[in-house]
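**Student:** Sequence first, predicted model second:
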Amino acid sequence: MRHGKKVNHLGRKSAHRHALLSNMASSLILNKRITTTVAKAKALKKYVEPLLTKAKNDTTHSRRTVFSYLQNKESIQTLFGEVAGRIANRAGGYTRIIKLSEVRQGDAADMCLMELVDFNDLYTKDGAAKKAKTRRGRKGKKEEGVEDAKVVAEAATEEKPKKAAKKTKKEE
């Protein structure tokens, strides 16, 4: 039984599975979109998303760490150059799996299209600006609240002398 086992072995030994995921991740990074089975795409998502997160920080250590997974210099250059620039403002969820209506003829496996989210221009509106970067932590909210309170307090102090000046004009 497979109680609590989180890794889909994909019918392969571990070395074969690591080589498969490495090659698929390199293809995804270079081509931005690949067609594969749903099971492989779900396994690839768990494999490639931590690498994409690590690519946001362009240091020698992160490059070496990612290279140990991918073993492909061209995909490393693309990942740390073009891809990292596009995903810099995204907090996670760099890939999208779109299930296709077709099945593979040989074994009737469900097929899907896996793509990098920020490279599909069909879902973005041409005139729409990207949303502002948001933090999920509380620290950012407190800072914004303090700034808003300061602005309100400044506006209130500016309005009080104006009102006092208007009253004096009416009294005269």
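**Tutor:** Thanks, I have it. Residues are numbered from 1 along each chain as shown.

**Student:** number of nearby residues for residue 97?
**Tutor:** Here the number of neighbours of residue 97 (other CB atoms under 10 Å) works out to 14. The way it works is simple: take the backbone N, C-alpha and C, and place the C-beta from them, glycine included.

**Student:** Which segments of this structure make up each domain?
**Tutor:** The record's domain parsing of the chain by automatic domain parsing lists 14-119, 134-172.

**Student:** Turn these into JSON lines, columns for distance to residue 2 and mean pLDDT.
**Tutor:** Listed next are those as JSON lines, based on distance: least, CB to CB, whole Å; pLDDT from 0 to 100:
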{"stretch": "domain 14-119", "distance to residue 2": "14", "mean pLDDT": "96"}
{"stretch": "domain 134-172", "distance to residue 2": "33", "mean pLDDT": "58"}
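
**Student:** most packed of those?
**Tutor:** Across the domains of the chain, averaging neighbours per residue (mean count of other CB atoms under 10 Å) puts domain 14-119 on top, at a mean of 16.

**Student:** Show the end-to-end separation of it, please.
**Tutor:** With CA to CA, to the nearest Å applied, domain 14-119 spans 31 Å between its terminal residues.
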